[in-house]
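K.L.:
Give me a 3D structure for the following:
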Amino acid sequence: MNHFLDIHKTDPSDLEAILTQASAMKAARNGAPKATPDAEQPLKNHMVALIFEKPSTRTRVSFDVGVRQMGGETMVLSGADMQLGHGETIADTARVLSRYVDMIMIRTFDESVLTEMAEYASVPVINGLTDRSHPCQIMADLQTYREHRGPIQGRKVVWSGDGNNVCASWLHAAAQMGFDFTFTGPVQLDPEMEFVGHARQKGVDVTIERDPMKAVEGADLIITDTWVSMHDAQSARERRHNMLRPYQVNAKLMERAKPDALFMHCLPAHREEEVTSEVMDGPHSVIWDEAENRLHAQKAIMRWCLNA
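P.N.:
Numbers count the residues shown, from 1 in each chain. Sure, this is the predicted structure:
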């Protein structure tokens, strides 16, 4: 049994195996109707609990569809259904769910909810997102980069904007996969130094550069994410917009990167805020492949968790 909690907690060889499996499963389904089950049914007779304390579109649909394509069934539970940690402890919830289902995916706020669930569950637990990391998204991103440009090892990846949970998982990936990482954004929104330090200890070149035009010079990949969360108050939104406006990914910024540089965004995007429509819909953008690959990468992650 394997938990998939964070990229830096997963052996690089296992990450490579997951990415290879994801690409193979995608290729095997190429041209098949979306509702057609996979020829292999590795999750047949398996029940997967999908727990959402935070709302979701891509995570919910991609995991639900992925389980069904592989022959399994899902039980979708909201935070209101579960009331995690309110009444019954997370540990007891994990013990009970383990008697009913074969695997748990949880999308939550506090990282401690995820880690406690994994500690006490006797079935695999997958991190669908926490406030500190988003490993499934980055696995899809790595798969997408491979499809378009080959191995990411030794490449220069630039994150522009808020050093949030997705940025953190990119730093984890840099440490495990061996590529250079540059963060450009306001000092108030720097990524956690714990994650920066971990990558540097692994021998990765991690740079923090305040000038976005300088940061993207020689970049193979530029990534951004939304500037505001759905939970932010209006005053916080205005402050963030003022801080982050210089870090918008636009055509002028992309021109300073390598001519064949890619652009990624995990979506949903606020067009004309963190990124312009010109870039999102332009030749550098691979955001729709990135979104699709959430399905394939997560199917491979689930198989790895179950040794299926």
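K.L.:
What residue spans form the domains of this structure?
P.N.:
Per the TED database, the domain ranges recorded for the chain read 32-132, 136-290.
K.L.:
Please enumerate the helices of this structure.
P.N.:
Listed in chain order, the helices found in the chain under DSSP state H are 12-29, 58-69, 79-82, 90-100, 111-120, 135-149, 165-177, 193-201, 212-215, 234-244, 251-254, 277-280, 287-306.
K.L.:
which helices and strands does the third one pack with?
P.N.:
Meaning helix 79-82. Contact analysis of helix 79-82 by 3 or more CB pairs under 8 Å, 6 or more residues apart in numbering; DSSP states H and E lists strand 47-52 as its packing neighbours. Every C-beta, even on glycine, is put in place using the N, C-alpha and C of the backbone.
K.L.:
follow-up on the earlier one: of the domains of the chain, which is nearest M1?
P.N.:
domain 32-132 (5.4 Å; CB to CB).
K.L.:
What mean pLDDT does that closest one get?
P.N.:
For domain 32-132, mean pLDDT rounds to 94.
K.L.:
can you check stretch 275-293 too?
P.N.:
Mean pLDDT, stretch 275-293: 98.
K.L.:
and if you look at stretch 202-220?
P.N.:
Here stretch 202-220 scores 98 as its mean pLDDT.
K.L.:
swap in stretch 140-156?
P.N.:
98.
K.L.:
circling back: tell me the most buried of the helices of the chain?
P.N.:
The highest average neighbour count among the helices of the chain, using mean count of other CB atoms under 10 Å, belongs to helix 165-177 at a mean of 25.
K.L.:
Output the contacting helices and strands for it.
P.N.:
Counting by 3+ CB pairs under 8 Å, 6+ apart, helix 165-177 packs on helix 12-29, helix 135-149, strand 156-160, strand 180-184, helix 193-201, strand 221-224.
K.L.:
what does the last one contact?
P.N.:
With contacts defined as CB atoms under 8 Å, 6 or more residues apart in numbering, strand 221-224 is touched by 141, 145, 152, 155-161, 166-167, 170, 216, 247, 249, 253-254, 257, 261-265, 274-275, 284.
K.L.:
do the fifth one as well
P.N.:
The contact list for helix 193-201 (CB under 8 Å, 6+ apart) reads 8, 168, 171-172, 174-175, 181, 183, 206, 208.
K.L.:
and the angle for that helix with helix 165-177?
P.N.:
Relative orientation of helix 193-201 versus helix 165-177 (axes from the mean of the first three to the mean of the last three CA atoms, to 10 degrees): 20 degrees.
K.L.:
between helix 193-201 and strand 180-184, how many degrees?
P.N.:
Using the same axes, to 10 degrees: helix 193-201 against strand 180-184 is 150 degrees.
K.L.:
Mind exporting the C-alpha coordinates of helix 193-201 to PDB?
P.N.:
Output of helix 193-201 as PDB, limited to C-alpha atoms (Å, rounded to 0.1, in the frame of the first residue of the first chain):
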ATOM      1  CA  MET A 193      11.500  28.800   2.800                       C
ATOM      2  CA  GLU A 194      11.200  25.300   4.100                       C
ATOM      3  CA  PHE A 195      10.400  24.200   0.500                       C
ATOM      4  CA  VAL A 196      13.000  26.400  -1.100                       C
ATOM      5  CA  GLY A 197      15.600  25.100   1.400                       C
ATOM      6  CA  HIS A 198      14.700  21.400   0.700                       C
ATOM      7  CA  ALA A 199      15.100  21.900  -3.000                       C
ATOM      8  CA  ARG A 200      18.500  23.600  -2.600                       C
ATOM      9  CA  GLN A 201      19.700  20.800  -0.300                       C
END
